[in-house]
Each structure stands twice: as structure tokens, then as C-alpha cells.
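In: Sequence isn't available, so here's the structure alone:
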């Protein structure tokens, strides 16, 4: 069962190195549409009970909310497709972009997570009707009879039809496209728009590092090294992960920004190897906090 529509690419020929000059030469748009059935429904019995005190109250319930059931696993896998898409593309306004040299890795990974959904879907659908009855029994456990009913659930056919993916890789336009007939002023306006799009992707790249970096600096301030207090190495590793992801996904990172990323990684790796010093020495924590705050300010300077 294949729920995704794919645009095929011929990757048998290694492209010659190109001089990158425009956004359309640097990246391609990844369009992913995820269709899923709505599992949040109005809870009629609970709504009627609430409205005895508040006429405007409405209660909702989530179907298949018991963890570990086949439908729960299926919907979790659908969410992981979206998470993969966001983690491996860079934001640009309302678009998601993939750097040219990351296309094969991105599409291969996306195919894999969608294949997981296909497998779970094929396993769950033959037993869907029984899974509905099991979920009704779970929702009604310890509650008034009729709190959950069969009418709350989509049919097996509707449920299956509403879980699918449409995926396309769309080349970005440029001012020299043969369909465009523009004067110099129009071309300049298009170039300015693309310049702003690049600035937006650059901001998204920097944000990937700033968020875990801020959490780390805040933790260095609040951590006092007292008995029973924990300082997890993962707080440092999250910064390194953000740096690695930013370098990988950056569409138009300048050499200076890449140098800042490398320096931040070097500094944080030193703290990973000396995490005991962070935990035990207040002066080490204060120096680390100051150093990382300076790195954060330098990174912020690259935001448009």
C-alpha cells in the first residue's frame, strides 16, 4: 500500500559543480501535504453534563487515545512524517526548502518514514472494526453506559482514505524564467524578494542554534551544584545537535557564520568533556555562561 505521490528524479548522472548565484540555484521547495482523519470529537454525554451549569460549555474527546494500540501507533507515525519534514528542511516564509546537495538524503528519509505509516496502516485496517469496539470499551470504562458510541468513529473506508501524503519537489523560479516577461525594475523587485527569502532562511538557520543555546545559558545560571540537583549532558549535546543541523540545512550560510558555528561547537565540546567541572565549580559555570552569551550575541548579529 503506497500512500504517497512522488515526483521522480534521475540521479544517475553526477551534476557538474555550478557557480551558485541565485536562490533557485541553491535550493528546491519541498511540498508535503499530509491528510489525516480527525480523531477529536464532541463528547455529547459530557457536554450535556457540563451544560447543566454552563449553557455554552462543550466537551471534546480524543478517539484511540490509549497508548500502544495499532491506531495510536499509526497516528503517531503520521505525526513523525511531519516532524521529519520540518527537521530536514529549512523554513522560508510559508515554504520549506531543501538545499540542493541534501535532496537525495531528504527524499530517502521521507520515503522511509512514509513506508512505516504504510506498514502500520496495512496491519491496522483489517482489524479496524474490532479496534473501534475496543476503544469504545476503553472510553466507557468506569463511566455511564453510552458515553462513547459507534457513531463517534469514522468507517474503516473513510479512515483509510483520509491517511495519505502528496509530495513534490518544486524548482524555485527566477527572474530569467522564460515564462516571465519583465523589465529591469520588475527583475530588481524579484531579486529583492529572493534576497528577503534568503534572509528568512538564514534567520531560521540561526534560530536552530539559539534556542538550545539559550536553554543552556539559563541552566548554567539556575544550576547551583547542590546535592540532588542534576545537570544533564544532553543540555550541551542539544546545542551541538542544533549546530550540526544548522550547518547541514543552511541554504546560504556565509563563511563567517560557518566559522561562528564551528567555534561554538569547539567551545561546547570542551564543556562536554569537562562536564564535571560545570557541575562542581561555580567559577567554571560563570565563565561558561559568559562565553556562551557572547556567542549568542554574535549569532544574533547574523539575523536580518
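Out: In hand now; what should we look at? Predicted model only: the values in this text are computed from it and were never measured.

In: Poorly predicted segments of the protein, please.
Out: 1-24, 44-47, 142-146, 173-194, 304 (pLDDT under 70).

In: pull the longest helix from it.
Out: If each helix of the chain is counted by residues according to DSSP state H, the longest one is helix 184-222.

In: Go ahead and name everything in contact with the helix or strand that it is followed by.
Out: Using DSSP states H and E, the helix or strand that follows helix 184-222 in sequence is helix 234-249. By CB atoms under 8 Å, 6 or more residues apart in numbering, the surrounding residues in contact with helix 234-249 are 87-90, 99, 102, 205-206, 208-209, 211-213, 215-216, 219, 253, 258, 261, 264-265, 268-269, 271-272, 275. Backbone N, C-alpha and C define where each C-beta goes, glycine included.

In: Please apply the same query to stretch 251-263.
Out: 23, 26-27, 90, 92, 97, 99, 198, 201-202, 205-206, 209, 243, 246-247, 250, 295, 298-299, 302.

In: Kindly recompute the last result at 10 Å.
Out: 20, 23, 26-27, 90, 92, 97-100, 102, 195, 197-202, 204-206, 209, 242-244, 246-247, 250, 295, 298-299, 301-302 (CB atoms under 10 Å, 6 or more residues apart in numbering).

In: and those, which are buried?
Out: For these, a burial check counting by 16 or more other CB atoms under 10 Å picks out 23, 26-27, 90, 92, 97-100, 102, 197-198, 200-202, 204-206, 209, 242-243, 246-247, 250, 295, 299, 302.

In: got the angle for the longest helix of the chain vs helix 234-249?
Out: Inter-element angle recorded for helix 184-222 and helix 234-249: 170 degrees (by axes from the mean of the first three to the mean of the last three CA atoms, to 10 degrees).

In: Tell me which other helices or strands helix 184-222 touches.
Out: Where contact means 3 or more CB pairs under 10 Å, 6 or more residues apart in numbering; DSSP states H and E, helix 184-222 is packed against helix 23-26, strand 27-35, strand 90-92, strand 95-99, helix 234-249, helix 255-273, helix 282-300.

In: Contact partners for the residue most central in space within the chain?
Out: With distances taken as CA atoms, centre = their mean, residue 86 lies nearest the centre of the chain, 3.2 Å away. Neighbour list for residue 86: 32, 96 [criterion: CB under 10 Å, 6+ apart].

In: what do you get for residue 112?
Out: Listed by CB under 10 Å, 6+ apart, the contact partners of residue 112 are 81, 84.

In: any idea how far residue 118 is from it?
Out: Computed with CB to CB, to the nearest Å, the distance linking residue 112 and residue 118 is 11 Å.

In: With the flanking residues excluded, which residue is spatially nearest to residue 289?
Out: Nearest residue to residue 289, sequence neighbours excluded (CB to CB, 6 or more residues apart in numbering): residue 220, at 4.1 Å.

In: right, I mislabeled it, should have said residue 217
Out: In this structure, residue 217 finds its nearest non-sequential neighbour in residue 292, 5.0 Å apart by CB to CB, 6+ apart.

In: any idea how far residue 41 is from that neighbour?
Out: Plainly put, residue 292 is 47 Å away from residue 41 if you go by CB to CB.
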